[in-house]
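[1] Structural data only, the sequence is not supplied:
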C-alpha cells in the first residue's frame, strides 16, 4: 500500500484505530502472565501516541520540506507494520477462542488455561515480542528526529475541520446530471422490501472531485425535499465525535438549541424524535473506519420510518464499505469540456467571452488539462486568475513546480493550491 505523499489526517485516523486495537481486552487475556509482551505492547501504544501529536505539524510542513515528507513515509511504513502485528494478534486471539470452544473435556480446558498462564513464551509469543521490539526501535528513531525536523506537538490541524462548503446553484455545476439523477432515484425509493430499514448511500472519490457538491445538489432537489419529513446535513470531518454529530442532528430535526450534556440521554431523545419519521441525513467528509463507532451512532436512527436514507461522502472505500447498505457510488473526474466550462465560469465570469483573450485561452486550456478533471482545482485556479489578464502570470501558474505535488496525492490538493 504505497502512496507518494502522506496525509497527516489519514495517518492520524489509522493511528486511532490502532490505539483501540492494542487496548483491546482480548490482549491481556491472550498474553496472560506474559508481562514482557504486555509491557511492550503498552509501550508501543504510548510511542504511537507521541507520533500522533506531531502529525498536524508534519502535514503542514511536508510540502515545503522533503525531509519531513520522507519522515512521514517512514512513519506510514511503521504504522503498516504495527497494523499487521495487530492483525496477527487478533487472528491468534480468535483461534484460541475457537480452540477452547472445541475442547470438550474439562481437563483439556484446564490444561489450556494453565498453558496460557505459563511464564514460558511460545513460538507465537516470541514472534510478537521480536516484532514489537523492532517496531518500537523504528518509532524511537523517528521520534528522535523531531527536533532536527522542527516538528512541534499540539499544532492545530487546519485541515481536520473543513470550512463550510459554498452553497451550490445547479446552474454553476457542470457534468453531474447523470450522477445526480441516479442518487435522487435511490432516495425516492422506499426500499420497504430491500431488507435494510435505513439505506446508506456512499459517494466515494478523491479530494476535490466534487463529492460535497453532488451531495448538495441531491439534498436541495425539490423532489427530495418533498419526499422526506426531516432533513439534516452534518459535516463530520476527521474527528468522528459521536456526541457532536448526535447533537447537531438533534438540533437539526427539532430546530432548537440543545443543552443536553449526557450522551445517553441525548441519544434517547433523538431516537424518540425520529420515531415514525422518514428522514434524510447527509454525513459529509467522513474519515472514520471503525464499524463499532458507526454502529453506535446509527443505533439512535433505527426508530425512523422505512425509506429513511443517509448520504455519506468520503474519500475512503473502506469507510464507504463500512457504512453502506448497498452499492458504492464512485464519483469520477469531469470530462475535458466540462472542465473548460467550469474554468471559464470562474476565470472570466458569466459571459465567458474570450474574444479579446485568445492568447490566454491557449494557456488556460493547458492549465485546465493539468487539473486532471478535479473541479476544486479548476475553480480555485479560475478564481486566482480571475483578476489577472497578464499572460506572464498565467504562464507562471502553468509552469509552477507545485503541480508535481498536486499529482502525487489527491489529499495534497488544498495545501498545494
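    Sure thing, it's come through. Predicted model, so just to flag it, every value in this text is computed and none were measured. Residues are numbered from 1 along each chain as shown.

[2] and the spatially most central residue of the chain, what pLDDT?
    Taking C-alpha atoms, centre = their mean, the centroid of the chain lies closest to residue 287, which sits 2.0 Å from it. pLDDT for residue 287: 88.

[3] The one 3 residues further on too?
    In this model, residue 290 is scored at 84, pLDDT.

[4] now do residue 53
    With respect to pLDDT, residue 53 scores 81.

[5] Setting aside sequence neighbours, what's the nearest residue to it?
    residue 153 (4.5 Å; C-beta to C-beta, 6 or more residues apart in numbering). C-beta here means a position set from N, CA and C on the backbone, and glycine is covered the same way.

[6] quick revisit: gap between the residue nearest to the centre of the chain and residue 319?
    7 Å (C-beta to C-beta, to the nearest Å).

[7] right, and residue 310 touches residue 199 too?
    Yes: contact criterion C-beta atoms under 8 Å: residue 310 and residue 199 qualify, at 7.3 Å.

[8] distance of residue 214 from residue 137?
    From residue 214 to residue 137 the distance is 46 Å (C-beta to C-beta).

[9] same check, this time on residue 241
    Distance from residue 241 to residue 137, by C-beta to C-beta: 34 Å.

[10] Same drill for the two, tell me which one is more crowded.
    Neighbours per residue (other C-beta atoms under 10 Å) separate residue 241 from residue 137, with residue 241 holding more: 14 against 11.

[11] now the longest helix along the chain: mean pLDDT?
    If you go by DSSP state H, the chain has its longest helix at helix 66-102. Average pLDDT, helix 66-102: 84.

[12] which parts of that helix are buried?
    Buried residues in helix 66-102, counting neighbours by 16 or more other C-beta atoms under 10 Å, are found at 68-69, 71-73, 75-76, 78-79, 81-82, 85-86, 89, 92-93, 96.

[13] Distance from that helix to the middle of the chain?
    Going by C-alpha atoms, centre = their mean, to the nearest Å, the spacing between the C-alpha centre of helix 66-102 and its chain's C-alpha centre is 20 Å.

[14] Which strands or helices does that helix pack on?
    helix 8-22, helix 26-30, helix 35-52, helix 55-61, helix 106-116, helix 123-144, helix 146-149 (3 or more C-beta pairs under 8 Å, 6 or more residues apart in numbering; DSSP states H and E).

[15] Let's see that with 6 Å instead.
    Helices and strands touching helix 66-102, by 3 or more C-beta pairs under 6 Å, 6 or more residues apart in numbering; DSSP states H and E, are helix 8-22, helix 55-61, helix 123-144, helix 146-149.

[16] tell me the angle it makes with helix 123-144.
    Following axes from the mean of the first three to the mean of the last three C-alpha atoms, to 10 degrees, one obtains 160 degrees for the angle between helix 66-102 and helix 123-144.

[17] what are the bridge partners for residue 231, then?
    Counting by DSSP bridges, residue 231 is bridged to residue 280.

[18] Quick check: it touching residue 281?
    No: using C-beta atoms under 6 Å, residue 231 is not in contact with residue 281, being 7.7 Å away.

[19] a strand runs through residue 364, doesn't it?
    No: per DSSP: H, G, I helix; E, B strand; the rest coil, residue 364 lies outside any strand segment and is helix.

[20] low-confidence ranges in this protein?
    1-14, 16, 100-121, 154-166, 191-195, 350-354, 401-417 (pLDDT under 70).

[21] Please say which of residue 231 and residue 281 ends up with more neighbours.
    Taking other C-beta under 10 Å, residue 231 and residue 281 do not tie; residue 281 has more neighbours (27 against 17).

[22] if I pick that one, what's in contact with it?
    232, 310 (C-beta atoms under 6 Å, 6 or more residues apart in numbering).

[23] at 8 Å instead, please
    231-234, 249, 301, 309-311 (C-beta atoms under 8 Å, 6 or more residues apart in numbering).

[24] Three-state assignment for the nearest residue to residue 220 once chain neighbours are set aside, please.
    Of all residues not flanking residue 220 in the chain, residue 168 sits nearest, at 7.3 Å (C-beta to C-beta, 6+ apart). With three-state DSSP as the basis, residue 168 sits in coil.

[25] what's the answer for residue 174, then?
    Applying three-state DSSP: residue 174 is coil.

[26] now swap in residue 253 and tell me
    Three-state assignment for residue 253 (three-state DSSP): helix.

[27] who's in contact with it?
    Residue 253 is in contact with 230, 232, 270, 273-274, 277, 279, counting by C-beta under 8 Å, 6+ apart.

[28] now with 10 Å?
    229-232, 270, 273-274, 277, 279, 281, 304 (C-beta atoms under 10 Å, 6 or more residues apart in numbering).

[29] do residue 90 as well
    So residue 90 contacts 21, 24, 26-27, 30 (C-beta under 10 Å, 6+ apart).

[30] any idea how far residue 97 is from it?
    With C-beta to C-beta as the criterion, residue 90 and residue 97 are 11 Å apart.

[31] Same question for residue 68.
    Distance of residue 68 to residue 97, computed by C-beta to C-beta: 43 Å.

[32] Then residue 202?
    Distance from residue 202 to residue 97, by C-beta to C-beta: 32 Å.

[33] what does residue 59 give?
    Distance from residue 59 to residue 97, by C-beta to C-beta: 39 Å.

[34] what's the distance between residue 81 and residue 129?
    In this view, residue 81 and residue 129 are 14 Å apart by C-beta to C-beta.

[35] and what of residue 375?
    Applying C-beta to C-beta to residue 375 and residue 129 gives a distance of 51 Å.

[36] ok, the two, which is more surrounded?
    residue 375 (24 against 17).

[37] looking at it, the more buried one is touching residue 206, isn't it?
    No: with contact defined as C-beta atoms under 10 Å, residue 375 and residue 206 do not form a contacting pair (11.2 Å).

[38] what is in contact with these two at once?
    Common neighbours of residue 375 and residue 206 (C-beta under 10 Å, 6+ apart) are residue 333.

[39] Cool, thanks, signing off.
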